[in-house]
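Trainee: prediction below, plus the sequence it came from.
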Amino acid sequence: DAGVIQSPRHEVTEMGQEVTLRCKPISGHDYLFWYRQTMMRGLELLIYFNNNVPIDDSGMPEDRFSAKMPNASFSTLKIQPSEPRDSAVYFCASRWTGGATGELFFGEGSRLTVL
Amino acid sequence: GQQVMQIPQYQHVQEGEDFTTYCNSSTTLSNIQWYKQRPGGHPVFLIQLVKSGEVKKQKRLTFQFGEAKKNSSLHITATQTTDVGTYFCAGRNQGGKLIFGQGTELSVKP
């Protein structure tokens, strides 16, 4: 089975540009999470969805960040305008409520560099 | 806010030595999960502990959950180069939110 699929794997952009990161969760999973990982701050939860509905976006840094989940198989994280401090690896993860352990399945991440 | 503290931040060991990472929460957890992230990779689930005082083993890895459900540890016996990576604990609070520790980066010298 395919795991969580993220795109792009790498993105280099200039400050001020719009960045859109994409995620396809594992089919049947009802939770989707967006995390950001940096050396300084570790793994930070940005936002998560349950059944396509945003539940907690308290981790979203500021209004420049937005996330959507238009259907059960697709989510986007958008940064507009991007800044150098947004450089990080962004992970998408999904899980299924009915699973025995509630484990998160992470995608391979999108490495963002903002120049 | 609630924090999950993990120590040490880095650990360098000689192959064959043991390794332990510790995780402490400021509040009681409903369960705790452990993940491993290889260099350049993504976090991969290892195990979940639920019960007070629970101990689980996976080959050379031993996981413990404290009696008060506020701390946990991961112990690796006789490390191998394949154990290299960052180990994260993630505690689930009473509200259901999963909070990751900062991780312990393990390097193993052959």
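Mentor: Perfect, I can see it now. No experiment lies behind these values; they were computed from the predicted model shown.

Trainee: what about the strands in chain A?
Mentor: For chain A, applying DSSP state E gives strands covering A:5-7, A:10-13, A:19-24, A:31-38, A:42-50, A:53-56, A:65-71, A:74-79, A:88-95, A:105-106, A:110-114.

Trainee: out of those, deepest packed?
Mentor: strand A:88-95 (a mean of 24; mean count of other Cβ atoms under 10 Å in any protein chain shown). All C-beta atoms are positioned from the backbone trio N, CA, C, and that covers glycine.

Trainee: what is the burial count for A:Gly107?
Mentor: 24 (other Cβ atoms under 10 Å in any protein chain shown).

Trainee: packing partners of the helix or strand of chain B with the lowest mean pLDDT?
Mentor: Lowest by mean pLDDT, DSSP states H and E among the helices and strands of chain B is strand B:98-100, with a mean of 91. Other helices and strands packing on strand B:98-100, by 3 or more Cβ pairs under 8 Å, 6 or more residues apart in numbering or on different chains; DSSP states H and E, are strand A:42-50, strand B:85-92.

Trainee: so which elements touch the first one?
Mentor: Just to be clear, that refers to strand A:42-50. Using 3+ Cβ pairs under 8 Å, 6+ apart: strand A:42-50 touches strand A:31-38, strand A:53-56, strand A:65-71, strand A:74-79, strand B:98-100.

Trainee: what angle separates the fourth one from strand A:65-71?
Mentor: On the basis of axes from the mean of the first three to the mean of the last three Cα atoms, to 10 degrees, strand A:74-79 is oriented at 170 degrees to strand A:65-71.

Trainee: returning to what we had before: what's the first helix or strand after the least confident helix or strand of chain B?
Mentor: Using DSSP states H and E, the helix or strand that directly follows strand B:98-100 along the chain is strand B:104-109.

Trainee: for the most far-flung residue of chain B relative to its centre, which non-adjacent residue is spatially closest?
Mentor: No residue in chain B has its C-alpha farther from the mean C-alpha position than B:Pro110, which lies at 22.6 Å (Cα atoms, centre = their mean). Among residues not flanking B:Pro110 along the chain, B:Glu15 sits closest, at 5.1 Å (Cβ to Cβ, 6 or more residues apart in numbering or on different chains).

Trainee: apart from its chain neighbours, what residue comes closest to A:Gly28?
Mentor: A:Trp96 (6.1 Å).

Trainee: sorry, back to before: can you list the strands of chain A in a markdown table and add mean pLDDT?
Mentor: Output for the strands of chain A, formatted as a markdown table (pLDDT from 0 to 100):
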| stretch | mean pLDDT |
| --- | --- |
| strand A:5-7 | 98 |
| strand A:10-13 | 97 |
| strand A:19-24 | 98 |
| strand A:31-38 | 96 |
| strand A:42-50 | 94 |
| strand A:53-56 | 94 |
| strand A:65-71 | 97 |
| strand A:74-79 | 98 |
| strand A:88-95 | 98 |
| strand A:105-106 | 98 |
| strand A:110-114 | 98 |
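
Trainee: residues of chain B that sit close to chain A?
Mentor: B:31, B:33, B:35, B:41-45, B:47-48, B:88, B:90, B:92, B:97-103 (Cβ under 8 Å from any Cβ of the partner chain).
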